[in-house]
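Undergrad: fold the following and give me the result.
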Amino acid sequence: MALEHGGPTIGDLPDSYEDTYGVDAGYNVVFTGIIRDYKVKYDYKNRPFIEVTVEDAHRTLTDATGHYLYDLPMEYAPMLNGLGICASIAGVDVSGRWKAKTDSPKNQPSAYVDAMKVGRSLEAMRNTNKGFIYVDRMNRMHYKSDIAGQPQLVFADSFSRSDLSYGKIDKGTDTQTVINGVEPNEYKLDLDEYEERTTSSELPAKVEPIASKSEIAQWWYDQASIDSYGERKETFPVVHGTGNIEDIRAKEFGPGFHDWADAIMDDHVLAKNRISKVMLIPNDFYDLMRLSSLEIFDPITILYKNESHVAYIRKMEWTIHENHVRLEVFFSRESGGVAWVPEYELEDIFTDIFYDVF
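TA: Okay, the predicted model is just below:
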């Protein structure tokens, strides 16, 4: 789906949208995908309309079976290369055509699960490394180790001090965001099964993959937060161990997840006053151009009265209906989403003529 940000007005946009000075005619892609389903329906006046279901690379990641789990991002390159999607890992392009069989086993997997989906396997690796996975507007899957960067736009309750003024904002304290218990669900090789293997002196040893297992070996909690809000545990799938044969022989899985879990709880043991959503209504093609260029995990500066916030985009919903366009931007973590984002300190703190501090 593309939105026009200059030139002649098209039927999907309000007639009041005029050419904006300094903006070249053109379109910005806001979503790319494949049509999976459609329905032809009729409204009350018997006028036909079509509902179309369009899905991006998330569908492929959810449906495809990957079997293997790795602790390092680049070890997923052969797996992603055979899915037939556009993908990049830490800026390295690993796109490729669909293949019935890939070279994933050659990378010494950390664990093997027969029915493991690619999306679930990537989620475990992402959690292990505290990285970020998303699909962009062009239907390309990205893995990034960090999302540091300058805020893209400034939204405020006054147009004069921002790129765009918001029409509605959700701000408050929600105890549902509290995490005071962390359970790492570890995928790893089963060393007990490996040690029980024996070889016969008469026949060659049968070479089979080392069995894997998943377990919550230990979980960590913050008692003070539990006393205040009750127990609010979150389970995160993770990958424990490198899969290298030298480490297996040495029974070495690597460091545990104590510090990893503590860092998550440090950010979530208290119910904090946060901005969870803003609604934006573009006024002209210039606004459309800037809003339609936003991506998931882009940082945004939001000015609310005398407060300044930097929030990272988690989800965007476009509504185009009867010559009306609006965008709702969500900043709250949903189930399965990352529980870590970098803290951004605003440098441009200034006082205006009315002595409002931003």
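Undergrad: looking at it, residue 304 is touching residue 171, isn't it?
TA: Yes. Using Cβ atoms under 8 Å, residue 304 is in contact with residue 171, at 6.2 Å. Bear in mind the C-beta positions are built from the backbone N, C-alpha and C, glycine included.
Undergrad: okay, now the residue nearest to residue 318 when sequence neighbours are not counted: neighbour count?
TA: Spatially, and ignoring its direct neighbours in sequence, residue 318 is nearest to residue 327 (5.6 Å; Cβ to Cβ, 6 or more residues apart in numbering). Residue 327: 24 surrounding residues under other Cβ atoms under 10 Å.
Undergrad: in its sheet, which strands sit next to the strand or helix carrying residue 327, and in what direction?
TA: Element membership for residue 327 (DSSP states H and E) is strand 325-330. Under the criterion DSSP bridges, strand 325-330 sits next to strand 273-280 (antiparallel), strand 315-320 (antiparallel) in its sheet.
Undergrad: what about the helices in the stretch 251-358 of the chain?
TA: Assigned by DSSP state H, counting those that start in this stretch, the stretch 251-358 of the chain shows helices spanning 258-268, 285-291.
Undergrad: and those helices, which is most packed in?
TA: Mean neighbours per residue, mean count of other Cβ atoms under 10 Å, is largest over the helices of the stretch 251-358 of the chain for helix 285-291, with a mean of 21.
Undergrad: which strands and helices sit next to that helix?
TA: With contacts taken as 3 or more Cβ pairs under 8 Å, 6 or more residues apart in numbering; DSSP states H and E, helix 285-291 sits against strand 2-4, strand 164-165.
Undergrad: now do the last one: everything it contacts.
TA: Read that as strand 164-165. Residues outside strand 164-165 that contact it (Cβ atoms under 8 Å, 6 or more residues apart in numbering) are 153-159, 280, 282-283, 287, 290-291.
Undergrad: try 10 Å
TA: Identification of contacts with strand 164-165 by Cβ atoms under 10 Å, 6 or more residues apart in numbering yields 153-159, 278, 280-283, 286-287, 290-291, 303, 327.
Undergrad: by contact count, what packs against the helix or strand just after it?
TA: Next along the chain after strand 164-165, taking DSSP H and E as the criterion, comes strand 168-173. For strand 168-173, the elements it packs on are strand 273-280, strand 299-304, strand 325-330, judged by 3 or more Cβ pairs under 10 Å, 6 or more residues apart in numbering; DSSP states H and E.
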